[in-house]
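J.: Turn this into a structure:
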Amino acid sequence: MQIACVLFPDLTQLDLTGPYEVFHRLRGVTVDLVAASLDPVVSEGGLSILPTITFDTCPPCDVLFVPGGPGVNDAMLDDDVLAFIARQGAHAAWVTSACTGALLLGAAGLLAGVEATTHWASMEFLEPFGAWPVAKRVVISGNRITGGGVTAGIDIALALAEQTHGQRAAEEIRLAIEYNPDVPSDDEVRASVLTKLAPMKDRRRRVVAEAAKKLSS
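T.: Model prediction:
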């Protein structure tokens, strides 16, 4: 499964990196960070993100993901950004967004007649694109999955994981990244995650013993 995550200047990095943390853990998935060029893209807070592929060279994706942020204002008027989103979104199995990334989907013509959500302070901007605003953290409408502000990107990524890989896979990722830790996990899920973590934990156990020995000496 090919996931294409759109980058543009002044995006909110957590809109991207939260879902990315879920996406890259899915079995059989390739995640590309797609931008106009391979130059670093500077996010809202100054964190630079390095694209892996460009709009022109990105192959057709199975999942299109669009983050939000202040840079959405300029991106909505960027013909190259909109053309890429429209082109990929027309054929992707899933079209997804976090936060105000939904406005980019709307500007690319991908939300007409679709229920959608976005950051609470930008809900009023969905309707001009023909979308039906729904004040929920995650909205699934056909093959569109939109999320509320910033941290809701993790929720839409987990929703996608459940749709494409099943509830068990989504639950294992949720536990592995310790997201919403107050929700109890099934014992079988916990055992499965611990099995996958075993090689890393074995090495960590040896390293901790060595580091503690150095400290005591």
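
J.: Could you use CA atoms for every contact and neighbour count after this?
T.: Will do.

J.: And the helix or strand of the chain with the lowest mean pLDDT, what does it pack against?
T.: Ranking every helix and strand in the chain by mean pLDDT, DSSP states H and E puts helix 187-216 at the bottom, with a mean of 89. Applying 3 or more Cα pairs under 8 Å, 6 or more residues apart in numbering; DSSP states H and E, one finds that helix 187-216 contacts helix 167-176.

J.: now the helix it packs on: mean pLDDT?
T.: Averaged over helix 167-176, pLDDT sits at 95.

J.: just use 55 as the starting number from now, easier for me
T.: All set: I'll call the first residue 55, so the last point we hit is now helix 221-230.

J.: excluding its backbone neighbours, what's nearest T84?
T.: Once flanking residues are discounted, T84 sits nearest to Q56: 5.0 Å by Cα to Cα, 6 or more residues apart in numbering.

J.: My understanding was that that neighbour contacts L87; is that so?
T.: No - here Q56 does not reach L87: they are 11.0 Å apart, not a contact under Cα atoms under 8 Å.

J.: Now do the strands in this protein.
T.: 56-60, 84-89, 95-96, 102-103, 107-108, 117-120, 148-151, 169-170, 186-187, 192-195, 198-201 (DSSP state E).

J.: what's near enough to touch L65?
T.: Taking Cα atoms under 8 Å, 6 or more residues apart in numbering, we find L65 in contact with V96, S97, E98, P121, G122, G123, P124, G125, V126.

J.: partner residues bridging V85?
T.: Counting by DSSP bridges, V85 forms beta bridges with I57.

J.: Distance of the residue of the chain positioned farthest from its centre relative to E264?
T.: Distance from the C-alpha centroid of the chain peaks at S271, with 45.5 Å (Cα atoms, centre = their mean). S271 sits 11 Å away from E264, going by Cα to Cα, to the nearest Å.
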